[in-house]
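*Asks:* The sequence isn't on hand, but the structure is:
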Ligand code: SF4
Ligand code: SF4
């Protein structure tokens, strides 16, 4: 993890900053001499949306996917849990999804695989100018794609790789991970770490929690929303983010049911009465 922090620092200080209209020369295809070389011994952080796309591609539950294909490294400096794609236990430490013909989960490959050779940085600096998100080129020494002749802009590359939906979902995730609670040094207690993990990474378990607990007795949720989140993982994830903002940061993103609030008020009033005579 320290190496990753070091790389982040280097990127912010030294890498040329690219924007949507910046151009670069690169192409990756089955004919390059390094074909598949990059699909091994690599740290691929999975986003919540990546996990949904991959587990559905493989016909697994999120719990099964997490168990079989991921690692959740522990580091005391981490503010929230992260998930890494687990490389195979062979000499090349190959990605579990690579075959001689390429990526076997290509239509649902993770954000990081789509982005390469581009990276995206979201600096958190005091200076507003330095604070702007920017793209950068990650030039791996094994990669011969930079010797190809194809020119494109960052915008064209992103469109070609189908990144838009991933970025849209990434924006919701960033509302959690870049929240001022964390920026100001806030830490999650173990119960809230578990909440974060379940919503963000184990969506099927979150669905069970929502539909099999007293969740809907506590929160007012529209029937149309209930219908949507019953089947649709992406809608459920968006709903989960709303709930996390309520449960982790105290934002008013969920409405607690009136009758529950009333009952709570009455209970508090009753407790206050009980306390008075003993004063
Ligand atoms: S998911 Fe696909 S593209 Fe990404 S490293 Fe694995 S095989 Fe390569
Ligand atoms: S190393 Fe570069 S050019 Fe080679 S397969 Fe990977 S991304 Fe494509």
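*Replies:* Right, received. Where do you want to start? For clarity, every value in this text was computed on a predicted model and none was experimentally measured. Ligands and ions are numbered 1, 2, ... in the order given.
*Asks:* Each with direction, which strands does the helix or strand where residue 152 lies pair with?
*Replies:* Following DSSP states H and E, one finds residue 152 within strand 151-153. Strand 151-153 has the following sheet partners, assigned by DSSP bridges: strand 23-25 (antiparallel).
*Asks:* what's the domain layout of the chain?
*Replies:* 2-177, 188-258 (automatic domain parsing).
*Asks:* List the residues that contact residue 61.
*Replies:* Residue 61 makes contact with 55, 204 under the criterion Cβ atoms under 8 Å, 6 or more residues apart in numbering. Every C-beta, even on glycine, is put in place using the N, C-alpha and C of the backbone.
*Asks:* Flag every residue of the stretch 101-250 of the chain that's near ligand 2.
*Replies:* Applying Cβ under 6 Å from any ligand atom, one finds that the stretch 101-250 of the chain approaches ligand 2 through 116, 142, 143, 144, 145.
*Asks:* Nearest spatial neighbour of the first one, chain-adjacent residues omitted?
*Replies:* Leaving out its chain neighbours, the residue that sits closest to residue 116 by Cβ to Cβ, 6 or more residues apart in numbering is residue 138, at 6.6 Å.
*Asks:* Who is residue 118 paired with across the strands?
*Replies:* Counting by DSSP bridges, residue 118 forms beta bridges with residue 137.
*Asks:* sorry, back to before: buried subset of the residues of the stretch 101-250 of the chain next to ligand 2?
*Replies:* With neighbours counted by 16 or more other Cβ atoms under 10 Å, those contain buried members at 116, 143, 145.
*Asks:* Format those residues as a markdown table; extra columns: secondary structure and pLDDT.
*Replies:* Converted to a markdown table, those look like this (DSSP: H, G, I helix; E, B strand; the rest coil; pLDDT from 0 to 100):
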| residue | secondary structure | pLDDT |
| --- | --- | --- |
| 116 | coil | 95 |
| 143 | coil | 96 |
| 145 | helix | 97 |
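*Asks:* same for ligand 1: which of these are within range?
*Replies:* The residues of these that also fall near ligand 1, by Cβ under 6 Å from any ligand atom, amount to none at all.
*Asks:* Between these, which sits nearest residue 189?
*Replies:* Sorting these by distance to residue 189 puts residue 116 at the head of the list, at 36.2 Å, by Cβ to Cβ.
*Asks:* residues touching the closest residue to residue 122 other than its chain neighbours, list them.
*Replies:* In space, residue 122 comes closest to residue 133 once its chain neighbours are excluded; the distance is 5.0 Å by Cβ to Cβ, 6+ apart. By Cβ under 8 Å, 6+ apart, residue 133 lies in contact with 120, 121, 122, 123.
*Asks:* Mind putting those into TSV with pLDDT?
*Replies:* Compiled in TSV, the contacts of residue 133 are given as follows (pLDDT from 0 to 100):
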residue	pLDDT
120	91
121	89
122	79
123	78
